[in-house]
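*Asks:* predicted model and sequence below, questions to follow.
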Amino acid sequence: MAQAVDKHWLEPVRSARGAQEGIRTAFEQIASALDRSRTILGCPLNNLALELCVADPEFREAIEGIYDNWRKVIADKLRADFAGTFDADALATFVIASYSGAIAQAKARQSTAPLRSCAEQLALHFRSRRMPKAKDARASRP
């Protein structure tokens, strides 16, 4: 699961110029791959977490480690873009929760529409928070 999260989420975020671009790319790549498939099975990590985390504490710790790394990568990118202007860890949690809910709805509907809608709403959220990048903010100070 950690390798799948890294490939489909962390790598697009790490390689993007900014957090918003990386998040949008991850959503788009996942939705496009699902559009090409015949069945949407949801997020394997979410599926496992929902079914097994209560029953097995060691398994829960392993899954939480994957989520922690996922949050950290997104939060680090957010901090680089918006240094100190909001709680990057909380926003990273919000992004992952948004994706998790959207992929669950996509599975239930057998449609990528919830993923695409969620990605658009996150983009609107980021646009509403147009804040200077950390280096731009430092350059504009007297």
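*Replies:* Good, I have the coordinates.

*Asks:* quick one: contacts of the helix or strand where Val5 lies?
*Replies:* Using DSSP states H and E, Val5 sits within helix 2-5. The contact list for helix 2-5, computed with CB atoms under 8 Å, 6 or more residues apart in numbering, reads 44-45, 65-66, 69-70. C-betas here are computed from N, CA, C, even on glycine.

*Asks:* please point out which parts of that helix sit buried.
*Replies:* Burial within helix 2-5, assessed by neighbour count using 16 or more other CB atoms under 10 Å, is assigned to Val5.

*Asks:* just how off-centre is it within its chain?
*Replies:* Mean C-alpha position of helix 2-5 versus that of the full chain (CA atoms, centre = their mean, to the nearest Å) differs by 13 Å.

*Asks:* if we can go back for a sec, for Tyr99, state which of the contacts of helix 2-5 is nearest.
*Replies:* Trp70 (9.4 Å; CB to CB).
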